[in-house]
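In: Coordinates only, no sequence provided:
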């Protein structure tokens, strides 16, 4: 069993574009996809396990890496907690809602342990890194906690627990914080797409963010390692690679003395076994002419960029320590739009940050209306302990932050619906993610303009029964209708 959550750059359960309730589920009691089949409870596996994976795609990569190591060591996944010997809960700890969901999952598994249905509960990920003492004090029944950079310890920890050895040490966190290889992975995404993490940690000191405290300073993977991992994914059948990091545009600065994302993308664009490369989590710095030219001239890199901007008021950007201004953001957007054909932009914004005035919010609304982002998500500010913003004066009342959230989302809904209407009549390559349950012949897919899980979807109908179209197929379609944030398409072939 893999039970998973979906997140954007800012944590679990985000306020993203509202989408159809018919979209792919973001929480499932069965794997979305996995090359290996779940274990037979009567098999000779060393032990049987289930996984709860929460948080952002970077965390999902960590989950897949741990699963790969467990599988290599002879442990096997089962499709029900009831037949599992142990459960691994990979947590998110970024914002209140993420922590609540993670704690809820932990408590659910501990309740099953108390009932004797499972033997061990191991907690990993960002919450285990951030709240080690608090977690163990409140929940001493947790058998082991593995921090973000201790994930390679998963097998040795489980080996000792399964052998009945009482752990004297419950927290596993190495002193050295370096990016880890993701070459050994067991996929929990559908086989045709995968996330590829190119760096770990973050050197940005945004005042609202606790990620550097959980994931450390920025460390890039060597370029050769990233390319090798991408080739492995392509050779395994992955058609779409989604590039993720805490700060994608900063890639390589620590190793090579300057950002080298453009150089990396040139090499990734040569991998013939991959059809699409999608870019997430740009920071509005280090976007230079070389990078823009690389994106504009690429064969496989999609004209899709996720660049969380957080705000557009200079006062708010200063208080957030974003190291940018509205005019600089407008200049960057103008350069990207003018030089990359059919560019699709996603961003996220925060309402209710301490000190946000009516005028600050009016500037944010004006910016969003003028920039007309194809995808825009909104968060209300969440107070994070041990961050500078937690000490800032002039807190915005929660009801005002919520009202501003609703106003910005209403504006974005109008922009997104208008964009969807304009796409009717166009032709798109659509990658098929799943069959629509209970509707034979209807498939759920995405085009270049939709990232997995966080954007709208395209419903494809009219595919003849018995055709070779299935999950992972790329189908040329005509967009025939818009349905809110989603689209309806018919195959051309």
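Out: Now that the structure is in, tell me what you want to look at. Since we're looking at a predicted model, the values are computed, not measured.
In: What is the neighbour count of residue 439?
Out: By other C-beta atoms under 10 Å, 12 other residues sit near residue 439. Just so you know, the C-beta spots here come from the backbone N, C-alpha and C atoms, and that holds for glycine as well.
In: can you pull out the strands in the stretch 301-450 of the chain?
Out: All strands of the stretch 301-450 of the chain, identified by DSSP state E, counting those that start in this stretch, fall at 301-306, 344-351, 375-380, 427-435, 442-446.
In: Turn those strands into JSON lines, including mean pLDDT, distance to residue 51 and mean neighbour count.
Out: JSON lines is the format used below for these (pLDDT from 0 to 100; distance: least, C-beta to C-beta, whole Å; neighbours: other C-beta atoms under 10 Å):
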{"stretch": "strand 301-306", "mean pLDDT": "97", "distance to residue 51": "26", "mean neighbour count": "22"}
{"stretch": "strand 344-351", "mean pLDDT": "97", "distance to residue 51": "27", "mean neighbour count": "24"}
{"stretch": "strand 375-380", "mean pLDDT": "96", "distance to residue 51": "26", "mean neighbour count": "23"}
{"stretch": "strand 427-435", "mean pLDDT": "96", "distance to residue 51": "20", "mean neighbour count": "19"}
{"stretch": "strand 442-446", "mean pLDDT": "95", "distance to residue 51": "24", "mean neighbour count": "22"}
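In: Tell me which of those strands sits nearest to residue 361.
Out: With C-beta to C-beta, the closest approach to residue 361 among the strands of the stretch 301-450 of the chain belongs to strand 344-351: 6.8 Å.
In: Would you reformat the strands of the stretch 301-450 of the chain as a markdown table and include distance to residue 475?
Out: Listed next are the strands of the stretch 301-450 of the chain as a markdown table, based on distance: least, C-beta to C-beta, whole Å:
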| stretch | distance to residue 475 |
| --- | --- |
| strand 301-306 | 17 |
| strand 344-351 | 19 |
| strand 375-380 | 22 |
| strand 427-435 | 5 |
| strand 442-446 | 7 |
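In: between these, which one is nearest to residue 402?
Out: strand 375-380 (6.0 Å).
In: Note down every partner strand of that closest one and its orientation.
Out: Partner strands and pairing direction for strand 375-380 (DSSP bridges) are strand 344-351 (parallel).
In: What is the least confident helix or strand in the protein?
Out: strand 11-12 (a mean of 32; mean pLDDT, DSSP states H and E).
In: Tell me the strands beside the helix or strand containing residue 481, with direction?
Out: Residue 481 belongs to strand 474-483 when assigned by DSSP states H and E. Pairing partners of strand 474-483, with direction, according to DSSP bridges: strand 427-435 (antiparallel), strand 486-491 (antiparallel).
In: Quick one: the helices in the chain, in order.
Out: 57-72, 96-114, 126-130, 132-138, 154-162, 211-215, 223-235, 253-256, 261-268, 289-297, 314-319, 326-339, 358-371, 398-423 (DSSP state H).
In: can I get those helices in a markdown table with mean pLDDT and distance to residue 391?
Out: Listed next are the helices of the chain as a markdown table, based on pLDDT from 0 to 100; distance: least, C-beta to C-beta, whole Å:
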| stretch | mean pLDDT | distance to residue 391 |
| --- | --- | --- |
| helix 57-72 | 90 | 27 |
| helix 96-114 | 91 | 17 |
| helix 126-130 | 86 | 18 |
| helix 132-138 | 84 | 20 |
| helix 154-162 | 89 | 36 |
| helix 211-215 | 82 | 15 |
| helix 223-235 | 95 | 38 |
| helix 253-256 | 94 | 29 |
| helix 261-268 | 98 | 34 |
| helix 289-297 | 96 | 36 |
| helix 314-319 | 98 | 12 |
| helix 326-339 | 97 | 25 |
| helix 358-371 | 98 | 19 |
| helix 398-423 | 97 | 18 |
